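Asker: this is a predicted model, with the sequence first.
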Amino acid sequence: MSLVEFRPVSVSEVEDASARRSGARTLMALATLVVVTVVAGLAVTGGSTATGRAAGLADAGRLTPWLLPVSRGMFDLAAIGTVGTLTALAWLVPHGRPALARRLRRAVACWAVAWAVAATVNLLASVSQVVGVPLGSLPTRTDLLWYGVDLPQGRSLLLVVVVAVSLALWIGTVQSRLGLRAWAVAAPASLAPLLSTGHAATASNHFLATEMLLVHVVAATLWTGGLLALVVHVRAFPDVLPLAVTRFSPLALVCLVAVGVSGLVGAWTRLGPIGSLWQSPYGALLLLKTGALVLVAWLGWAHRRHTIPALVAGRPRAFARLATVEVGLMAVTIGLAVVLARTAPPIAATLRAVPPHATAYPTVDPTLAPLTPLTAVTAFRHDAMTLTAVLVAVGLVLAWARARIWATSSPGRRALLAAGLAVTLWALVGAPAAYSTVLLSAQVAQVLVLGLLAPPLLVSGVPHHARRALAERLWRGRFRLPARPAHAILVLLAVLAVALQTPALELSLRGEVTHLLLSLAPLLAGLLVVLSLDRDSGWDQSRASTALLVLAGVLAWYGVRTWSTAAPAAGGWYRDVALWWSDPAADQRVAGLLMTGAAVAIAVGWVVALRPPEPARPARSERRRRPWGARS
């Protein structure tokens, strides 16, 4: 007779197994909702047959027209799950919970594998549609297969596959909070090239529509994915759920506003004010998505009004039920978005597309008016992604200022902070940003304003105790080495060199994400310099003057070099993109003068301000009282 050993099962293990089964059922229900919505929508609108045959090529078969949208729906769902779970792991849950961290890491790896598989299937189906060859015949037609992969959409999907596979392999080894947050930023950023090659070409302003699509999809991914992670994974930890939901609520509100505004503007750029276009199948789908967004917004309001207070009070059931309904409604919206992408816009909407989609300069607005003193103040760049990032950052700064420093700040400092925010906003989305892709002088002005003018205004607008506390956090954290004054100035010099004198400038001009990053780098480097100088008040003033003189000298050298050289800047970008009213050679000399003028301003202003004061001379009455020998 054999003895069977029985091990007692703890209550936590039973609850964890029950939570896993509940999470698996929720995910299966979501995937089913997405597939059913996609199939039903395509059957009603005829989108699968309308796009099943590539122009001038053979039919891709019966499987491809259906596999393409279904795989795209699974792609979107897996991307949402990956990004949302990463967001929860990096920002929403506390750091000292190893059991929850392990569960979220496993979920990230599983979502990333599903994301890579869906991207691969979608890539093969896209190639099959483009080259007009059935999926089963693609392995024997490697020339056509590699041709399809080499297209912009194919390269973008390959990038997603690489990022997803890397995330699945390495997420278990990332232990630091900074590393997790870096992955949480890199995962949604990998969607940008794919979205830039999407269906926004039929808009009346292709550039604005593409940027709106980027904002719309990234915000919806963060919003839906974060809520999905809370419902499926964090719900099994009742002691952590209230904190995670409280942290997620402000992010959900920001994403709701971004999704709503970007969706409305994007729809307007596609269909405009023509009522008949809104009565088309494309317009009807847009109206359905708008209605779904209104319902989700109402559910979010119910969360903030009723279920979140109940959750904090220890009653999580109401939140779980309402959140599950909200996630299901979001899954239907995902399916509608896939159907909308497969539905051809009306012909009248296609004819409104100005400027055209096919252009070698995707960041250039050819409708820009000539640069005049009036347009230098009033010009605005229709860059939805940059504007959204700037507005969110300004909102966070204002919220922090109101909560931490506004009550203790003097009116003068408030004015400086407002001026710094206004200058930063003008440089990022005003005239310098609008003309930076067509005029080198505007690019130089943007870099100089963000790197040299905005940081002193922003830091001076913060009370002394608040900025010293921020500087101390930088000094004690991972930025201790670059937070030293000399090292911070070296960082600023390196950023200016990259932004003004290297091929990185031309690379940044070819994409909005890289152009935004190159614009933000001088601002961050300038803030680092000002904070480091303010923190290290004991730093010898002669060394500070020497460092700033070096900065002025390097800028002067850049200016002279730019003014005197005959070689076109940025690899000839500005020469090739020249609009009818611009003179690239003359503008390059203006850019050199701007850099030289900034160097003179630094040498005259900052060095004079750091010069030690002269000893005070005694008053004339005191000199008269001194003995004759003391005077000599």
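Answerer: Noted; the coordinates are in hand. Everything quoted here is computed from the prediction, not taken from an experiment.

Asker: where's P370, which helix or strand?
Answerer: P370 belongs to no helix or strand when assigned by DSSP states H and E.

Asker: apologies, that question was intended for W563.
Answerer: For W563, the secondary-structure element it belongs to, assigned by DSSP H and E, is helix 541-564.

Asker: following that helix, which helix or strand comes up?
Answerer: The C-terminal neighbour of helix 541-564 among helices and strands, as given by DSSP H and E, is helix 573-576.

Asker: that next one: which residues count as buried?
Answerer: For helix 573-576, the buried set under the neighbour-count rule, 16 or more other CB atoms under 10 Å, comprises W573, Y574, R575. In this view, the C-beta of every residue, glycine as well, is placed from N, C-alpha and C.

Asker: can you put these in JSON lines and add distance to T596 and pLDDT?
Answerer: What follows is the buried residues of helix 573-576, written out as JSON lines (distance: CB to CB, whole Å; pLDDT from 0 to 100):
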{"residue": "W573", "distance to T596": "22", "pLDDT": "89"}
{"residue": "Y574", "distance to T596": "19", "pLDDT": "90"}
{"residue": "R575", "distance to T596": "22", "pLDDT": "88"}
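
Asker: which other helices and strands contact the helix holding W563?
Answerer: Applying 3 or more CB pairs under 8 Å, 6 or more residues apart in numbering; DSSP states H and E, one finds that helix 541-564 contacts helix 485-501, helix 584-601, helix 607-610.

Asker: now mean pLDDT, distance to W146 and mean neighbour count too, for those helices, in CSV please.
Answerer: Conversion of the helices and strands packed on helix 541-564 to CSV gives the following (pLDDT from 0 to 100; distance: least, CB to CB, whole Å; neighbours: other CB atoms under 10 Å):
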stretch, mean pLDDT, distance to W146, mean neighbour count
helix 485-501, 86, 34, 20
helix 584-601, 92, 38, 19
helix 607-610, 58, 59, 13
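
Asker: distance to R381 added to those helices, as a markdown table?
Answerer: Formatted as a markdown table, these follow (distance: least, CB to CB, whole Å):
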| stretch | distance to R381 |
| --- | --- |
| helix 485-501 | 18 |
| helix 584-601 | 18 |
| helix 607-610 | 34 |
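
Asker: closest to E211 out of the ones you listed?
Answerer: Each of the helices and strands packed on helix 541-564 was checked against E211 via CB to CB, and the shortest separation belongs to helix 485-501, namely 21.5 Å.

Asker: what residues does that closest one touch?
Answerer: Contacts made with helix 485-501 from outside it, assessed by CB atoms under 8 Å, 6 or more residues apart in numbering, are listed as 444, 447, 451, 481-482, 504-505, 518, 521-522, 525-526, 528-529, 531-533, 536, 539, 543-544, 547-548, 550-551, 554-555, 558, 561-562, 595.

Asker: quick one, it and helix 584-601 angle?
Answerer: With axes from the mean of the first three to the mean of the last three CA atoms, to 10 degrees as the criterion, the two stretches helix 485-501 and helix 584-601 enclose an angle of 170 degrees.

Asker: so how far is the helix or strand just after helix 485-501 off the chain centroid?
Answerer: Stepping forward along the backbone from helix 485-501, the first helix or strand reached (DSSP H and E) is helix 504-509. For helix 504-509, the distance between its averaged C-alpha position and the chain's averaged C-alpha position is 18 Å (CA atoms, centre = their mean, to the nearest Å).

Asker: which parts of helix 504-509 are buried?
Answerer: Applying a neighbour-count criterion of 16+ other CB under 10 Å, the buried positions in helix 504-509 are A504, L505, S508, L509.

Asker: could those residues go into TSV alongside pLDDT?
Answerer: TSV is the format used below for these (pLDDT from 0 to 100):
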residue	pLDDT
A504	87
L505	88
S508	85
L509	86
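
Asker: from those, which two are the most distant?
Answerer: Comparing every pair within the buried residues of helix 504-509 by CB to CB identifies A504 and L509 as the most remote, at 9.8 Å.

Asker: next, show the common contact partners of those two.
Answerer: Common contacts of A504 and L509 (CB under 8 Å, 6+ apart): none found.

Asker: rounded mean pLDDT for stretch 112-121, please.
Answerer: Taken as a whole, stretch 112-121 has a mean pLDDT of 94.

Asker: make that stretch 178-190, sorry
Answerer: Computed over stretch 178-190, the average pLDDT equals 89.

Asker: go on, stretch 306-322?
Answerer: This predicted structure assigns stretch 306-322 an average pLDDT of 86.

Asker: how long is that stretch end to end?
Answerer: Stretch 306-322 has its terminal residues 10 Å apart, counting by CA to CA, to the nearest Å.

Asker: can you list the buried residues in that stretch?
Answerer: Those buried within stretch 306-322 under the rule 16+ other CB under 10 Å are T307, I308, L311, P316, A318, F319, A320, L322.

Asker: now swap in stretch 154-166 and tell me
Answerer: By neighbour count, and taking 16+ other CB under 10 Å as the criterion, the buried residues in stretch 154-166 are G154, S156, L157, L158, L159, V160, V161, V163, A164, V165.

Asker: and those as a markdown table, adding secondary structure and distance to L440?
Answerer: What follows is the buried residues of stretch 154-166, written out as a markdown table (DSSP: H, G, I helix; E, B strand; the rest coil; distance: CB to CB, whole Å):
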| residue | secondary structure | distance to L440 |
| --- | --- | --- |
| G154 | helix | 34 |
| S156 | helix | 29 |
| L157 | helix | 35 |
| L158 | helix | 34 |
| L159 | helix | 30 |
| V160 | helix | 34 |
| V161 | helix | 37 |
| V163 | helix | 33 |
| A164 | helix | 38 |
| V165 | helix | 40 |
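
Asker: adding pLDDT, write those out as a markdown table.
Answerer: Listed next are these as a markdown table, based on pLDDT from 0 to 100:
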| residue | pLDDT |
| --- | --- |
| G154 | 87 |
| S156 | 88 |
| L157 | 91 |
| L158 | 91 |
| L159 | 90 |
| V160 | 93 |
| V161 | 93 |
| V163 | 93 |
| A164 | 94 |
| V165 | 94 |
